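>>> My questions concern the predicted model and sequence given below.
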Amino acid sequence: MKALVTGGTGFLGRHLLDRLVLEGYEVRVLARSRAALGELGALGIEAVEGDLRRWPSLRSAVADADVIFHCGGKVDASGRWVDFLEVNVLGTERLIQAALEHGVGRFVHVSSIGIYGARPEGSVISEDDGYDTSAGRGGYTRSKVMADQLAFWYARARSAPITVIRPATIYGPGGKNSLVRAGLRFGRVNLIFGAGQNILPLTYVDNVVDALVLAARREEAVGRAYNVVDDDRLTQRVWLERLGAALRARSSTVYLPLPAVRMLAASVDLAKAALRGGRRSPPGLFYRIHRSLQTVRYDTARAKAELGWKPRVDFDEALRRMGSPRLV
């Protein structure tokens, strides 16, 4: 099997490359920088210079590929909307079109659970629960929603052999592994929004890789989306304390009540409006914070039944791996 991986130099992509090589795939990586080309070549991985914004480079990258794992994209928390649109949305469409042109057998698209809208506390969110079309979402999430929708349009209208994987927040060796999931960090001080009792939707990186590889092999996965979220139910407090201890992170923590968070977010939105010459934008900051603090559960029954997926690495094992100097 010949696999093309986009985003192969990123956190998830690196772990996926290791698995594909281990399982005997011929691996090709789309890489933008010459440094990455040399580094991947030294590892025995074929690297082709290209960019999701450059159509000719994508056509040559997909040639002879049996499966594409699309992990690449612009993942910054902020930035110009035009850049998110160009890379995450139009880049995904270019790659799908190139795959169809060359008859690639399978296309696995990495989306996110962030595409779902806000739900009442305690809700269970399945893959069929629709998209968040709120004007309050940031550029990254808006672009991920559009790319997810686009993937399904091609699956329906053009019979593209696409599977969509929607992982939770991914953590593991080599990742950012931020101790603060909803808040800010100033030096060694963690400022947490809320009381820290919200359940975090998390998944260990190797568990996501399992889902990607399984999705590429299962015929029943074509045209389907799958939530990939670990079974561990960890609060922000537990996450911070246990992961911080494993990483030997020295810090102090302050929890900011939600009324104060609302006032802070409103001030930021007003400041942004002032910078725009008084033009008001949707009050999105508190919406995004409030959504990130919701305790909901993501249904993974479909991935378990149709892919045979399960989270092999639980939080205790993840801490053991991440706390080892050899693996960090």
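The structure has been received and is ready for your questions.
>>> C71 contacts G13, doesn't it?
Yes - C71 is within contact range of G13, at 4.6 Å (criterion: CB atoms under 8 Å). C-beta coordinates here come from the backbone N, C-alpha and C atoms, glycine included.
>>> and the two? which has more neighbours close in?
A direct count of neighbours by other CB atoms under 10 Å for C71 and G13 places C71 higher, at 24 against 20.
>>> nearest residue to that one other than its sequence neighbours?
G7 (3.5 Å; CB to CB, 6 or more residues apart in numbering).
>>> quick one: pLDDT of the one you found?
For G7, the model assigns a pLDDT of 95.
>>> Could you count how many residues lie near it?
Neighbourhood size, G7 [other CB under 10 Å]: 21.
>>> how close does it sit to Q294?
As judged by CB to CB, to the nearest Å, G7 and Q294 stand 28 Å apart.
>>> Next up, phi/psi of the residue nearest to V29 when sequence neighbours are not counted, please.
Of all residues not flanking V29 in the chain, G8 sits nearest, at 3.6 Å (CB to CB, 6+ apart). Taking degrees, to the nearest 10, you get phi -70, psi -20 for the backbone angles of G8.
>>> Likewise for Y226?
Dihedral pair for Y226: phi -140, psi 130, per degrees, to the nearest 10.
>>> How about the contacts made by it?
If you count contacts by CB atoms under 8 Å, 6 or more residues apart in numbering, Y226 has them with 127, 163-166, 211, 215, 300, 302-303, 306-307, 309.
>>> Could you tell me the phi and psi values at the spatially most central residue of the chain?
Closest residue to the average C-alpha location of the chain: S112 at 5.0 Å, with CA atoms, centre = their mean. When quoted as degrees, to the nearest 10, the phi and psi of S112 stand at phi -170, psi 150.
>>> and the gap between it and K304?
19 Å.
>>> again, but for L17
For L17 relative to K304 (CB to CB), the value is 25 Å.
>>> Kindly report the same for A266.
42 Å.
>>> For I165, give me its contacts.
I165 neighbours (CB under 8 Å, 6+ apart): V108, H109, V110, S111, V208, A211, L212, A215, A225, Y226, V228.
>>> again, only using 7 Å
V108, V110, S111, A211, L212, A215, Y226, V228 (CB atoms under 7 Å, 6 or more residues apart in numbering).
>>> next one: V313
With CB under 7 Å, 6+ apart, V313 has these contacts: Y204, D206, N207.
>>> make it 10 Å
G172, T203, Y204, V205, D206, N207, D210, D230, D232, R320, R321 (CB atoms under 10 Å, 6 or more residues apart in numbering).
>>> Output those residues as a markdown table; include the columns pLDDT and secondary structure.
Output for these, formatted as a markdown table (pLDDT from 0 to 100; DSSP: H, G, I helix; E, B strand; the rest coil):
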| residue | pLDDT | secondary structure |
| --- | --- | --- |
| G172 | 96 | coil |
| T203 | 98 | strand |
| Y204 | 98 | strand |
| V205 | 98 | helix |
| D206 | 98 | helix |
| N207 | 98 | helix |
| D210 | 98 | helix |
| D230 | 98 | coil |
| D232 | 96 | coil |
| R320 | 95 | helix |
| R321 | 94 | helix |
